[in-house]
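A.B. asks: quick one: sequence and predicted model below, then my questions.
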Amino acid sequence: MCPSVSLCIHMGPVAPHPLTPYLPPPPPTPLQAVRGTNVYGILRAPRAARTEALVLSAPCSAPPHNAHAVGLLLALAAYCREQIYWAKDLIFLVNEHDLLGMEAWLEGYHDGNRSGTQWWGSMGRAGAIQAAVGHYGAL
């Protein structure tokens, strides 16, 4: 579970994204529900048509696994907020449950459901995702 994080970067609305992915079971057991929440914020490009986006993500894991990734992502968001020359929207994503959380967020962003993951709420949208960068591991 992630420690509580305060976002005061003023980059626009920061939205939670509740999710419930189902892990594939071993043969004799039923599906196991895993609950979690992803948090994302969109930094809009001030001089662009908002047709393209870049995702910067960090999984929120219990320390010491990935202890500094969320702090680094927030520091990067604060730095990017001060710049004026972005050509793509920047999406800052803190996902719970590593790849399951990322998959659930992507399915919610694209309004699809290929893996049986349940997600709730309407998602803020940026442009088409051109690339994604994930920071994994402690500094």
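C.D. replies: Great, that's in hand.
A.B. asks: quick check: which ranges of the protein have low pLDDT?
C.D. replies: Scanning the chain for pLDDT under 70 picks out 1-32, 62-65, 67, 115-122, 137-139.
A.B. asks: which residues in it form strands?
C.D. replies: Using DSSP state E, the strands of the chain run over 14-20, 22-23, 32-33, 36-43, 52-60, 89-96, 118-119, 128-134.
A.B. asks: those strands: which one's closest to Leu72?
C.D. replies: Ranking the strands of the chain by distance to Leu72, with CB to CB as the measure, places strand 52-60 first at 7.0 Å. No exception for glycine: its C-beta is placed from N, CA and C like everyone else's.
A.B. asks: packing partners for that closest one?
C.D. replies: Other helices and strands packing on strand 52-60, by 3 or more CB pairs under 8 Å, 6 or more residues apart in numbering; DSSP states H and E, are helix 69-81, strand 89-96, helix 98-109, strand 128-134.
A.B. asks: just the angle between the first one and strand 52-60, please?
C.D. replies: Orientation of helix 69-81 against strand 52-60 (axes from the mean of the first three to the mean of the last three CA atoms, to 10 degrees) gives an angle of 150 degrees.
A.B. asks: so what's the residue count around the nearest residue to Ala128 once chain neighbours are set aside?
C.D. replies: In this structure, Ala128 finds its nearest non-sequential neighbour in Glu52, 5.9 Å apart by CB to CB, 6 or more residues apart in numbering. The number of residues packed near Glu52 is 16, by other CB atoms under 10 Å.
A.B. asks: returning to that earlier point: any chance of the helices and strands packed on strand 52-60 in TSV, plus distance to Pro59?
C.D. replies: Output for the helices and strands packed on strand 52-60, formatted as TSV (distance: least, CB to CB, whole Å):
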stretch	distance to Pro59
helix 69-81	7
strand 89-96	5
helix 98-109	5
strand 128-134	7
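A.B. asks: for these, which one sits closest to Ala48?
C.D. replies: Of all the helices and strands packed on strand 52-60, strand 89-96 comes closest under CB to CB, at 7.4 Å.
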